[in-house]
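> 3D model of this:
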Amino acid sequence: MNIGIIGVGHIGKTLALKLSAAGHEIHVANSRGPETIGTDVLATGAKAVTVQQAVLEKDVIIISIPLNRIPAIAPLLAGASDETVVIDTSNYYPGRDNRIDSIEAGQVESLWVQQQLGRPVAKAWNAIGSDSFAKKGKPAGSSDRVAIPIAADREIDRKVTMALVEETGFDAFDAGSLTDSWRQQPGAPAYGTDLALNELPAAIAAADRARLPKRRDLAVAAFQERLGDATTNPDADYGVRLSRVLYM
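Residues are numbered from 1 along each chain as shown. Below you'll find the model as predicted:
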């Protein structure tokens, strides 16, 4: 498939590497221009392009940028085909994204993203830590394969997203509609805990929506105290251990 990826941060970089290695035609872009994208992002065949080129005539567009920057790219997606699958990997962190009143008032993050873009989206790769995503991919059938929840409303979005998650080395779990995607947001038992496919249904069902923001903020405070800044992501070992203590 022809896939455009907007954002080459912690998750976007690994998506570019894994999906290129899987045989897809990958175009990656960031807000600073293709000349600023490192060769390490392009090591398996992805091509650096402008943001405009990354959304042009694509089967799939993956948005992997901070949540508060999504409204700025909405005009770029206006010309995308209705059949194009748009996948969002973002999460809401108010310390980074500034306060978004509608989300604070209870709007599900994915529904807010969909509202900003004015088109259907799927949610995936948001519930796995970047270090786990980079290092823990395994062939299908591996007994210790980690599972990733996805949410979508359209069947084409669900089918394509689940297939791509599998190609990145993880079992795909259908967690339901976007309305229920809060169950895979930060602070939920399925978030950052690297569970297996047979463990995810119970984790998704156990999520307590009212407790998510406080648990999320506790984790952020612990990560920042340990790492010393707000931009470095924890390694998989510490990130998963802390997430399991706080969220499960």
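> contacts, neighbours, all on C-alpha from now
Noted.
> Just want the most central residue of the protein.
Nearest to the mean C-alpha position of the chain, counting by Cα atoms, centre = their mean, stands residue 89 at 2.2 Å.
> residues touching that residue, list them.
Contacts were defined as Cα atoms under 8 Å, 6 or more residues apart in numbering; by that measure residue 89 touches 11, 62, 63, 64, 65, 123, 124, 125, 126.
> Among those residues, which ones are in strands?
Secondary structure assignment (DSSP state E) places 62, 63, 123 from the contacts of residue 89 within strands.
> Pull the contacting residues for the last one.
Shown here is residue 123, whose contacts under the criterion Cα under 8 Å, 6+ apart are 87, 88, 89, 110, 150, 151, 152, 178, 181.
> Assumed the fifth one was part of a helix.
What that stands for is residue 150. No. In this structure, residue 150 is strand, not part of a helix, as judged by DSSP: H, G, I helix; E, B strand; the rest coil.
> what's the spacing between the residue nearest to the centre of the chain and residue 106?
Plainly put, residue 89 is 19 Å away from residue 106 if you go by Cα to Cα, to the nearest Å.
> quick revisit: nearest spatial neighbour of the residue nearest to the centre of the chain, skipping sequence neighbours?
Of all residues not flanking residue 89 in the chain, residue 126 sits nearest, at 4.6 Å (Cα to Cα, 6 or more residues apart in numbering).
> give me the number of residues near that neighbour?
21 (other Cα atoms under 10 Å).
> distance of residue 172 from residue 200?
When residue 172 is compared with residue 200 (using Cα to Cα), they lie 10 Å apart.
> tell me, what's touching these two both at once?
When contacts are counted by Cα under 8 Å, 6+ apart, the set common to residue 172 and residue 200 consists of 147, 149.
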